[in-house]
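J.: Mind looking at a prediction? Sequence and model below.
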Amino acid sequence: MSKPILVVDDDPDMRSALREAIQRIGHDVILAEDGQDALIKIKNSPVAMVVTDMRMPKVTGLSLLKEIKQRNAALPVLVITGFGTVENAVDTMKEGAFEYLMKPFSFDKLSSTISTMMEKVSITNNIITANPKMEKLLLLAGNVAMSDTTVLIYGESGTGKELLARYIHRMSRRSKMPFVAVNCAAIPDTLMESELFGFEKGAFTGASEKKQGKFELANGGTILLDEIGEMPLGPQAKLLRVLQEKEVDRVGGKMPVPVDVRVIATTNKDLFKESMDGRFREDLYYRLSVFPMQVPPLRERPEDILLLSELFLKRFSSMHGKAIGGFMEEAVEFLQRRQWRGNIRELENTIHRAVVISRGDNIRIDDFMINESVTPVTETPKGIRDMERDMILKTLKDVNGNKTQAAKVLGVTVRTIRNKLNEYRKNFPTV
């Protein structure tokens with residue numbers, strides 16, 4: 001079985017609520033009533049991650065975080081607080097917290113935060129490869145990590161650009177300071193400046209208090225500007241000034257705020273072409289691409305396909321409580337001949353689905369199921385539709401009916417899950 005998540009909170013009701021919420025998204029949970037109890041539990045039982053309250057008697061959440069990081073720097077910690085401030089958040093991130101949540105928060109927010117954390121540490125803290133191109137790239141990354149040079153990482157979606165960025169941060173002198181990842185494609189254009197650079201109280205309607213932006217939260221550490229090619233031209237100008245002057249201007253602010261931040265950007269676009277076409281600032285492009293790096297797609301890393309497949313098989317077999325030893329010969333052939341246009345992310349989802357479906361000691365070719373974007377590998381006596389239905393219903397059962405988690409496991413949208421369930425209810429009233 002997979003390692004449990006340790007929940008630490010001195011409030012019994014909050015402990016119970018967190019346990020129920022985390023179990024609903026498919027994770028085992030152990031509880032600790034304070035920091036001292038938590039340290040004992042960690043010593044006696046390996047855990048996947050720690051979710052801890054901030055204010056507790058005996059040992060505070062911040063003290064617990066420091067102690068955990070001294071014992072096991074790789075163990076991810078999520079800090080939850082109802083008394084937090086931006087300064088508290090900065091302190092926890094400087095001490096190595098992976099993320100923090102402010103009370104009150106929704107189940108969806110907790111679920112997505114934990115899922116993101118687990119995903120980002122799931123491949124372990126090292127990049128696994130046997131490919132000469134990747135080995136050379138890691139050597140370059142290790143060399144550039146020792147400086148504060150701005151890095152621009154190119155690569156197709158799903159190749160592991162963020163993983164490489166985190167590797168550079170871990171190898172740098174800033175490794176004990178915050179690593180703040182910003183998905184530029186996920187922030188609305190109207191909120192981009194305030195998210196990156198912060199704002200002052202009263203700067204606009206709804207700005208009831210001062211807020212530090214991502215650059216200030218990353219002060220002393222590294223900021224990852226993921227999919228930088230999606231950033232609008234307006235914030236690009238302000239970003240250029242931050243890179244040049246080492247200071248940010250909060251929205252509504254009167255004085256610039258100094259920041260010491262190493263910038264790593266990633267993109268799946270040709271930024272030079274984007275700049276020539278007027279969709280990206282040419283001066284910003286040259287400022288970012290001081291040290292460009294290209295992550296090769298998985299189809300150019302044939303040595304890594306089985307290596308990664310076996311890693312994912314071990315992880316997901318443990319997660320689902322299955323003893324699956326390996327891959328049948330025809331399954332290996334399928335893995336090796338596939339183009340993997342979705343790269344490592346597609347491979348990971350494919351192995352996960354196969355583990356969910358498999359009823360044997362090894363993965364068979366029939367275990368590689370279909371979704372709306374994947375052609376069936378082979379026809380089966382049972383019929384594709386029946387197998388698809390069984391796969392979806394089994395996955396929903398494994399994740400306690402959570403449609404969002406089931407969609408993530410199967411590599412489809414939540415809407416697809418809902419539509420399929422509606423279809424099954426019409427044709428199979430007992431579903």
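T.: All right, it came through fine.
J.: Please count neighbours and contacts with C-alpha atoms only from this point.
T.: Fine.
J.: quick check, Val50 in a strand?
T.: Yes - assessed by DSSP: H, G, I helix; E, B strand; the rest coil, Val50 belongs to a strand.
J.: A helix includes Lys238, no?
T.: Yes - Lys238: assigned to a helix according to three-state DSSP.
J.: That one - how many residues pack around it?
T.: Residues contacting Lys238 under the criterion other CA atoms under 10 Å number 17.
J.: From Ile80, how far off is it?
T.: According to CA to CA, to the nearest Å, Lys238 and Ile80 sit 32 Å apart.
J.: what does Asp9 give?
T.: 9 Å.
J.: intersection of neighbour lists for these two?
T.: Thr52, Asp53 (CA atoms under 8 Å, 6 or more residues apart in numbering).
J.: what sits against Phe280?
T.: Contacts of Phe280 by CA under 8 Å, 6+ apart are Gly229, Leu233, Gln236, Leu271, Glu274.
J.: Tell me which helix or strand comes right after the helix or strand of the chain with the lowest mean pLDDT.
T.: Sorting the helices and strands of the chain by mean pLDDT, DSSP states H and E puts helix 86-94 at the bottom, at a mean of 67. Counting by DSSP states H and E, the next helix or strand C-terminal to helix 86-94 is strand 99-102.
J.: can you list the domains in the protein?
T.: 5-116, 132-296, 299-427 (automatic domain parsing).
J.: lowest-confidence stretch among these?
T.: Here the lowest mean pLDDT among the domains of the chain goes to domain 299-427, at a mean of 81.
J.: Okay, helices next: where are they in the stretch 1-150 of the chain?
T.: 12-24, 35-44, 61-71, 86-94, 107-121, 132-145 (DSSP state H, counting those that start in this stretch).
J.: Export these as JSON lines, with columns for distance to Ala265 and mean neighbour count.
T.: As requested, the helices of the stretch 1-150 of the chain are exported to JSON lines (distance: least, CA to CA, whole Å; neighbours: other CA atoms under 10 Å):
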{"stretch": "helix 12-24", "distance to Ala265": "32", "mean neighbour count": "16"}
{"stretch": "helix 35-44", "distance to Ala265": "36", "mean neighbour count": "16"}
{"stretch": "helix 61-71", "distance to Ala265": "27", "mean neighbour count": "19"}
{"stretch": "helix 86-94", "distance to Ala265": "20", "mean neighbour count": "19"}
{"stretch": "helix 107-121", "distance to Ala265": "17", "mean neighbour count": "15"}
{"stretch": "helix 132-145", "distance to Ala265": "14", "mean neighbour count": "16"}
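J.: Quick one, which of the ones you listed gets closest to Thr404.
T.: Evaluated with CA to CA, the helices of the stretch 1-150 of the chain place helix 107-121 nearest to Thr404, the distance being 9.0 Å.
J.: quick one: the closest one to helix 12-24, angle?
T.: What separates the directions of helix 107-121 and helix 12-24 is an angle of 60 degrees, with axes from the mean of the first three to the mean of the last three CA atoms, to 10 degrees.
J.: what does helix 107-121 rub up against?
T.: Ala21, Ile22, Ile25, Pro76, Phe98, Glu99, Leu101, Leu163.
J.: Quick check: nearest residue in space to Asp53, chain neighbours excluded?
T.: Leaving aside its chain neighbours, Asp53 sits nearest to Ile80 (4.8 Å; criterion: CA to CA, 6 or more residues apart in numbering).
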